Structure formats: C-alpha cells, structure tokens
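Visitor: This is the structure alone, sequence omitted:
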C-alpha cells in the first residue's frame, strides 16, 4: 500500500472510530511502528490528526463539519433544493425526511400539506413541524447529539408496516461509480434501511457533495430514483448521469 493510500485509510478509520491506538493501526494496516509514525507525523503536520498518548484522533476541524456549521453553509442553495423536493410531496403522503441540513429545509415547505405523515430521525425536523397538522413519527434509538438526530439500530425494523411512499435522503458524498456515501456508520445504517423500505428515493444534496466518496457506502445509484442539487454542480456530472438510471434535477 502506498503512503497516500495508508494515510487515507487512517483518516477513514478515524471517521468511524474517533480515537485509535498505535497497536490497532499497525495490525489493521500491516505495517511497522516506524512506518506508521512517519504517516502520523505527515498527517499531524497537515493538521488532519492530533497525537494523543498511545494513539491518535481526528483534528477538531477535520472530517464531517458540525450540524450548526452546515445549517448556515450554502443556505440559499439548500433552500432551493428543499423547495424543489417539496414538489414531490402530495397531500396524504407518508414520507421519510432524513437528518441533515438540506433535508431539514424541506420541513419548512410542507407545513400546509394535508393528511401528511412524516417519519424522521431528525430532532430539528420534528421541532419545525411540531405545530402543524402533520402526523409525526420519530425513529427510536440513541440520540446523536452533534447531528441532532436519532440513530436507530434494531428499532427501525418495526417500520415495515408503514407504507413509505417517498424517502428524502441526505449524504456526504456522491459519485457515479460508487453512489452515495456518508461519514457516520450509524447514520448510514438508518439511510440504507429507509431506502430499502421506500417506494421512491430522492437524495437532496448540494453540489459540494459531488465527486466525493467518503467513509461509509450507503447505496449505489441504481437504488436512487432522483438526486436534487443546485446549479453550481460541475457540468460534467450532467453528462455522466445521463448514462445512469438516476434522474439528476437542478433546483433553480
């Protein structure tokens, strides 16, 4: 494995398990302590990791940005994406709204829908729709405080009885070759299950997510009906998506 490949592997492992011991890394990578220390020194000097006693952790500002940051970053684009997504939602629908700064915006545009059932793992979505007529169902499980979301584990499997017509999913990475991906394993498990249960899957993602394949694979493109993004997406993706079965929609 080349040094750059090893270093990427180290970062990928840290996005799943926030702290890693030196012994864990040497076993996982099959390299000597001296080789590992050279990789660690390079990553630390680049500000991507921090050394701690007996191991390493991600630098505070590396990897997935916080929910509070994402709520304000590219806000105009996310609002346009959410407004376009809301056009898929009809009175009487049973829908799933994912946790995420873009999917959260969808809740703002569906408050006047009639007989709507909204399933979600997002605390902000629940708060946004609390005073509306929508029937709200939140997935039970562990609270992930930094994402303001619930990660479901076994609780989600009781949702087979629900007729989920449309799932609005967010992600951290999109490529034609690998589909959609995310940084957190627990969030990815929930998304995979809701994609499996839903009749139609719509991914809401701003243009910065394209061309990235991050830690945890969620689903290949053949499982995604539509991706809604903003007008800043690299135009080369428009050509690439024409060769797939996934509809790429630009929110204007």
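Guide: Sure, I can see it. All values reported here derive from a predicted model rather than from experimental measurement. Numbering: from 1, shown residues only.

Visitor: and residue 188, which of the three is it?
Guide: Assigned with DSSP: H, G, I helix; E, B strand; the rest coil, residue 188 falls in the helix class.

Visitor: How about the contacts made by the residue lying closest to it once chain neighbours are set aside?
Guide: Leaving out its chain neighbours, the residue that sits closest to residue 188 by CB to CB, 6 or more residues apart in numbering is residue 216, at 4.2 Å. To be clear about C-beta, it is placed using only N, CA and C from the backbone, and glycine gets the same treatment. With contact set as CB atoms under 8 Å, 6 or more residues apart in numbering, residue 216 has these partners: 16, 181, 182, 183, 184, 185, 188.

Visitor: Of those, which pair is most distant in space?
Guide: 16 and 181 (12.3 Å; CB to CB).

Visitor: joint contacts of those two?
Guide: For the pair residue 16 and residue 181, residues contacting each of them under the criterion CB under 8 Å, 6+ apart are 215, 216.

Visitor: more neighbours, those two?
Guide: The residue with more neighbours, out of residue 16 and residue 181 and counting by other CB atoms under 10 Å, is residue 181; that gives 20 against 13.

Visitor: how near is that one to residue 135?
Guide: Separation of residue 181 from residue 135 (CB to CB, to the nearest Å) stands at 31 Å.

Visitor: for residue 167, same thing?
Guide: Separation of residue 167 from residue 135 (CB to CB): 16 Å.

Visitor: ok, those two, which is more surrounded?
Guide: Per other CB under 10 Å, whichever of residue 167 and residue 135 has more neighbours is residue 167, with 25 against 12.

Visitor: Quickly find the element holding the more buried one.
Guide: Here residue 167, judged by DSSP states H and E, is contained in strand 166-169.

Visitor: List of residues touching that strand?
Guide: For strand 166-169, with CB under 8 Å, 6+ apart as the criterion, the contacting residues are 85, 88-89, 93, 95-98, 103, 106, 180, 191, 194-195, 197-204, 218, 224.

Visitor: for this structure, what are the low-confidence residue spans?
Guide: Counting by pLDDT under 70, the chain shows low-confidence ranges at 60-73, 145-148, 151-159.

Visitor: Walk me through the domains of it.
Guide: Described in terms of automatic domain parsing, the domain architecture of the chain consists of the residue ranges 3-58, 67-251.

Visitor: Report the separation between the nearest residue to residue 248 once chain neighbours are set aside and residue 183.
Guide: Spatial nearest neighbour of residue 248, excluding adjacent residues (CB to CB, 6+ apart): residue 241 at 4.1 Å. In this structure, residue 241 lies at 23 Å from residue 183, with CB to CB as the measure.

Visitor: Show me what counts as buried in stretch 13-26.
Guide: Along stretch 13-26, the positions that meet the burial threshold by neighbour count (16 or more other CB atoms under 10 Å) are 13, 14, 15, 20, 25, 26.

Visitor: try stretch 217-229
Guide: When neighbours are counted by 16+ other CB under 10 Å, the buried residues of stretch 217-229 are found to be 218, 219, 221, 223, 224, 225, 226, 227, 228, 229.

Visitor: and the residue nearest in space to the middle of the chain, what does it touch?
Guide: Centroid-nearest residue in the chain: residue 171, 2.7 Å away (criterion: CA atoms, centre = their mean). The neighbours of residue 171, taking CB under 8 Å, 6+ apart as the test, are 180, 181, 182, 191, 203, 205, 209, 218.
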